[in-house]
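Q: 3D model of this:
(one chain, ligands or ions: 2)
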Amino acid sequence: MQYGHFDDSNREYVIETPETPLPWINYLGSESYFGLISNTAGGYSFYKDARLRRLTRYRYNNAPLDSGGRYIYLRDNNASDSARTWSPSWMPTRTPLDFYECRHGMGYTSIRSKLNGIESQTRYFVPMGENLEIWELTLTNQRDEAADLSVFSAIEFNLWDAMDDATNFQRNYSIGQVEVVDGVLYHKTEYRERRDHFAYFACSEKLTGFDTQRDDFLGAYRGWDSPKVVETGQSADSITHGWQPIGSHHVKVQLKAGEQKKIIFILGYHENPKDAKFDPPESQTINKHTVLPVISKYLKADEVEKAFQVLRVHWDNLLEKFQVTTPDVHTNRMVNIWNAYQTMITFNMSRSASYFESGIGRGMGFRDSAQDLLGFVHLIPERARERILDIAATQLETGGAYHQYQPLTKRGNNDVGSGFNDDPLWLVLAVTAYVKETGDFGILSEPVTYDNKPGSEEALYGHLQRSIQYTLDRLGPHELPLIGRADWNDCLNLNCFSDTPGQSFQTTTNKDGKVAESIFIAGLFVLAAKEMADLVESYKLKVSGLTFNVQPSTFYLEAANKMESTIWAAGWDGEWFRRAYDDFSHVLGSKENDEGKIFIEPQGICVMAGLGVEDGRAEKAMNSVDEHLATPHGIVLQQPAFSKYYLHLGEISSYPPGYKENAGIFCHTNPWVMISEAKIGRGDKAHDYYSRINPSAREGIGELHRCEPYVYAQMIAGKDAATYGEAKNSWLTGTAAWNYVAITQWILGIRPTYDGLQVAPVVPSAWEMFEVARSFRGVRYVVRVERKGSGNNVQLAVDGKSISGNIIPLPAENVKEVQVRVTIN
Ligand code: GLC
Ligand code: GLC
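A: Ligands and ions are numbered 1, 2, ... in the order given. As a prediction, this is how the structure comes out:
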């Protein structure tokens, strides 16, 4: 069953019913001001940090699930009874509508509905460069007679620190404060003391009334579905003193038959200089000199339209950087629109705020951020550069890494600490991806601190060397890398041995960590060490007079080779790669095991690192994946699932079989197999796996999949689960970046290299042709690929001239566009 459809030409997903299985959401804002918005206008807003600067209140895990948002109520002042009041976004009143449609687009959401001849459309977005959101409501009277309507807006302010707001009621019920001046509702809790920021909620129309105190608006014992003020049509003009500050405007609208009217609401965040907070200075009244011009600008319909067009152009320009036309519609729309969009959202949000991440939890992950970068580096290379430098500055002198850092302070998070032994290696992949994309070798000599300590600066290049050395310094009994607290799989906690409820599996360590080893890290090491060898070679060619010590490429190659031999000796099980050795030095991910005989991660990472590609063992590993792990809904993480809790394995065995890391389809790992399949030349298989978890391709099974069909979810329940095929944790997942890499770089085969753009497609045999337009280092490459034979060999003609090899040489400086013809034989 489908709940909507894609409108690809407008880059929108159109939801046709408010009753989607879960709230299907979108994000507003891409700079400092952000919001989450569901298809029924639920969600919340914040400035920069979802925990510390939360503008509006949202209660997670509520009933109904999606309560609280950017609500508008309409009241038909002439109607006698039924449907006298309703929500044009359906929630929260849930009044049945005659028509409903929600369009989620790039950075905006528009909800249109009709009831009894009154059409309303609300477009929500954040203008570029501003710290505010606009709700532009257009009302149309489609009746044959005049309509007398009341419009009520409603939001609930959060007292800034979302964690404190949800817990510290003995204080918070006394501190809420507002100001209401000229129809603008200002939320200024704590402004009188240490805050220099406030929120405001303004409306383009003359108000009939307003409310700022929740109980006065709703009425005691009522919820957002039946506010007393909306029911009676009488605002209370309430002023908050403590309790729950809200914002609600009341506007009366008379519409002749056929008449249309726009009403604009803006919700914003504003800061004043510390010494100019009040006006007059000795008062406690907000100084509004700098905020008023912003408010009056965006209450004008033409300014709103202009800002909306700027937003559209912004996204068009971003997405134009990579556009593809293939025979597969799901590939096209994910690559051209939604997958790229999702990678940008993971750049903005990391893992902080979604409908599954509460915005008060995790900081930015070291490994998560490094991997996310692989998906957006070509879209926003300058910001990728900053991100790399921020991440690297939290690295430790040992080469290790804080597992997370805090976005506001950009410092390592001591609560979680370090010791996730894969973390530093991801930095190598991020930096090399960035340099290949941009050719900016200069980043390698940027001085970067360790643990943010001034005086500890070393060239970024040195950080990479230490990342590699970190693994070499921590080898176990089989000469394989020690796993530490966990490797990529946060739940494979081999040194934890936790038997106490409530302990964090990630930070509890009861073993000395000198025994348990990870074959996944070994594979990742080979991949990263080979990247380092390539980088060193290219770097030496590009830069002369290096002022710091660079290990020769042979150092990295030898280290990679040695690790490869170790993997073949201790990490190969005959048909597939093993997963780990536990604290007793017993193997995991082997025929010898009863449960957890085979895991996906080492198959993907080892083959990506090139292991066994030449001698058929990679193919064997991939065939084992197909046989033991692949399902129609994607590839599960391991088999057989763990049926009980194993003290020595940790969180992985804490999940019921089929969910999350215990044999769920953990989508992040699937693209590693797609890439591996492409590496061994099996385009049909690679694209088949791609399609199994492609959300667009799953649109038709919406009642099973349940999450949004336009973005990836972290997990789809595996075959051992009761709800096999059900997705969870949409939006903020490394799945976004890796699927993007798999399809664009390995299946379509358009890969940035140090020397130019490479074209090495491994596509389905039925594809006769496809086209790509891609910007790369300031040049637009228009690549047209045609299949002439059934293999994967390519012949390139660049601007009409045949070249040898598959890397398009960088053109002369003034060339802005290059035409490439490719035949696959
Ligand atoms: C979560 C974490 C990620 C980890 C993965 C597997 O997605 O954010 O860092 O690799 O789970 O456990
Ligand atoms: C849980 C999740 C895992 C996530 C981790 C983050 O263990 O299962 O996916 O990476 O929490 O701390």
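Q: C-alpha from now on. contacts and neighbour counts both.
A: Noted.
Q: For the residue in the stretch 601-750 of the chain that ligand 1 sits nearest to, give me its contacts.
A: Using C-alpha to the nearest ligand atom, the closest approach of the stretch 601-750 of the chain to ligand 1 is made by Thr733 at 5.8 Å. Shown in contact with Thr733 (C-alpha atoms under 8 Å, 6 or more residues apart in numbering): Thr346, Arg351, His668, Tyr712, Ala713, Gln714.
Q: Validate this expectation: it resides in a strand.
A: No. Counting by DSSP: H, G, I helix; E, B strand; the rest coil, Thr733 falls outside a strand, being coil.
Q: ok, now how distant is it from Trp24?
A: 16 Å (C-alpha to C-alpha, to the nearest Å).
Q: How about the residues of the stretch 301-450 of the chain by ligand 1?
A: By the rule C-alpha under 6 Å from any ligand atom, the part of the stretch 301-450 of the chain lying against ligand 1 is Asp368.
Q: which stretches of the stretch 301-450 of the chain form strands?
A: 322-325, 364-365, 404-405, 447-448 (DSSP state E, counting those that start in this stretch).
Q: same question for the third one, mean pLDDT?
A: Predicted confidence along strand 404-405 averages 92 (mean pLDDT).
Q: Over to the longest one?
A: Strand 322-325 comes out with an average pLDDT of 98.
Q: How about the closest residue to ligand 1 within the stretch 301-450 of the chain: what's its closest non-neighbour residue?
A: The nearest approach of the stretch 301-450 of the chain to ligand 1 comes at Asp368, 5.2 Å away (C-alpha to the nearest ligand atom). Nearest-residue entry for Asp368: Gly734, 6.5 Å, with adjacent residues in sequence omitted and distances by C-alpha to C-alpha, 6 or more residues apart in numbering.
Q: Return the member of the contacts of Thr733 nearest to Ala742.
A: Nearest to Ala742, judged by C-alpha to C-alpha, of these is His668 at 10.9 Å.
Q: Can you pull the phi/psi pair for the closest one?
A: The phi/psi pair for His668 (degrees, to the nearest 10) reads phi -50, psi -30.
Q: now Thr122
A: phi -120, psi 120.
Q: got a list of what the closest residue to it other than its chain neighbours touches?
A: Nearest non-adjacent residue to Thr122, counting by C-alpha to C-alpha, 6+ apart: Leu137, 4.3 Å away. Applying C-alpha under 8 Å, 6+ apart, we find Leu137 in contact with Ser120, Gln121, Thr122, Arg123, Lys262, Ile263, Ile264, Phe265.
Q: before we move on, what about Tyr355?
A: Here Tyr355 is in contact with Ile25, Tyr60, Asn729, Ser730 (C-alpha under 8 Å, 6+ apart).
Q: between these, which has the most around it?
A: Ser730 (25 neighbours; other C-alpha atoms under 10 Å).
Q: gap between the residue nearest the centre of the chain and Thr20?
A: Taking C-alpha atoms, centre = their mean, the centroid of the chain lies closest to Thr346, which sits 2.4 Å from it. According to C-alpha to C-alpha, Thr346 stands 23 Å off from Thr20.
Q: Check Lys288 too.
A: 42 Å.
Q: Those two - which one has more neighbours?
A: Ranked by neighbour count (other C-alpha under 10 Å), Lys288 and Thr20 place Thr20 first, with 19 against 14.
Q: List the ones among the contacts of Thr733 that fall in helices.
A: Under the assignment DSSP state H, the contacts of Thr733 contribute Thr346 to helices.
Q: Can I get the contacts of Thr733 in a markdown table including pLDDT?
A: A markdown table is the format used below for the contacts of Thr733 (pLDDT from 0 to 100):
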| residue | pLDDT |
| --- | --- |
| Thr346 | 97 |
| Arg351 | 93 |
| His668 | 98 |
| Tyr712 | 98 |
| Ala713 | 98 |
| Gln714 | 98 |
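Q: Sheet partners, orientation included, of the host helix or strand of the residue nearest to Thr122?
A: Using DSSP states H and E, Leu137 maps to strand 132-141. Strand 132-141 has its sheet partners listed here by DSSP bridges as strand 118-125 (antiparallel), strand 260-271 (antiparallel).
Q: Now whatever helix or strand comes next after it: average pLDDT?
A: Heading C-terminal from strand 132-141, the first helix or strand you meet, by DSSP H and E, is strand 147-160. Here strand 147-160 scores 98 as its mean pLDDT.
Q: which element follows strand 147-160 toward the C-terminus?
A: For strand 147-160, the following helix or strand on the C-terminal side (DSSP H and E) is helix 162-165.
Q: So which elements touch that next one?
A: Using 3 or more C-alpha pairs under 8 Å, 6 or more residues apart in numbering; DSSP states H and E, no helix or strand is in contact with helix 162-165.
Q: Off-centre distance for stretch 659-667?
A: Stretch 659-667 has its C-alpha centroid displaced from the chain centroid by 19 Å (C-alpha atoms, centre = their mean, to the nearest Å).
Q: tell me what the host helix or strand of Phe520 is packed against?
A: Using DSSP H and E, Phe520 maps to helix 519-542. When contacts are defined as 3+ C-alpha pairs under 8 Å, 6+ apart, helix 519-542 packs onto helix 423-438, helix 460-472, helix 553-566, helix 600-608.
Q: by how many degrees do the third one and helix 460-472 diverge?
A: Using axes from the mean of the first three to the mean of the last three C-alpha atoms, to 10 degrees, the interaxial angle of helix 553-566 with respect to helix 460-472 works out to 30 degrees.
Q: the inter-axis angle of helix 553-566 versus helix 519-542?
A: Using the same axes, to 10 degrees: helix 553-566 against helix 519-542 is 160 degrees.
Q: Residues touching the helix or strand following helix 553-566, excluding its own?
A: Following helix 553-566 in sequence order, the next helix or strand is strand 580-581 (DSSP H and E). Contacts to strand 580-581, defined as C-alpha under 8 Å, 6+ apart, come from residues Val515, Ala516, Glu517, Ser518, Ile519, Phe520, Gly571, Val587, Leu588, Gly589.
Q: mind listing the helices for the stretch 701-825 of the chain?
A: 702-705, 735-741 (DSSP state H, counting those that start in this stretch).
Q: closest one to Tyr200 among the ones you listed?
A: Closest approach to Tyr200 among the helices of the stretch 701-825 of the chain (C-alpha to C-alpha): helix 735-741, 34.5 Å.
Q: Averaged pLDDT, the closest one. What do you get?
A: pLDDT averaged over helix 735-741 gives 98.
Q: Now it: buried residues?
A: With burial defined by 16 or more other C-alpha atoms under 10 Å, the residues of helix 735-741 counted as buried are Thr735, Ala736, Ala737, Trp738, Asn739, Tyr740, Val741.
Q: Which neighbouring elements make contact with that helix?
A: helix 339-349, helix 366-376, helix 670-679.
Q: Show me what from the chain comes close to ligand 1.
A: By the rule C-alpha under 6 Å from any ligand atom, the part of the chain lying against ligand 1 is Asp368, Trp488, Asn489, Asp490, Cys491, Thr733.
Q: Which of those ranks first by neighbour count?
A: Thr733 (26 neighbours).
Q: What backbone torsions are found at that one?
A: phi -150, psi 150.
Q: Gly725 too?
A: Per-residue torsions, Gly725: phi 100, psi -10 (degrees, to the nearest 10).
Q: In this structure it contacts Cys707, no?
A: No. Judged on C-alpha atoms under 8 Å, Gly725 makes no contact with Cys707 at a distance of 10.8 Å.
Q: List the contacts of Tyr108.
A: Asn26, Tyr27, Leu28, Arg123, Tyr124, Phe125, Val126.
Q: Okay, and the beta partners of the fifth one?
A: Which is Tyr124. With DSSP bridges as the criterion, Tyr124 is bridged to Thr109, Trp135.
Q: distance of the residue lying farthest from the centre of the chain from Ala797?
A: When distances are taken from the C-alpha mean of the chain, Glu145 lies farthest, 47.7 Å away, according to C-alpha atoms, centre = their mean. In this view, Glu145 and Ala797 are 67 Å apart by C-alpha to C-alpha.
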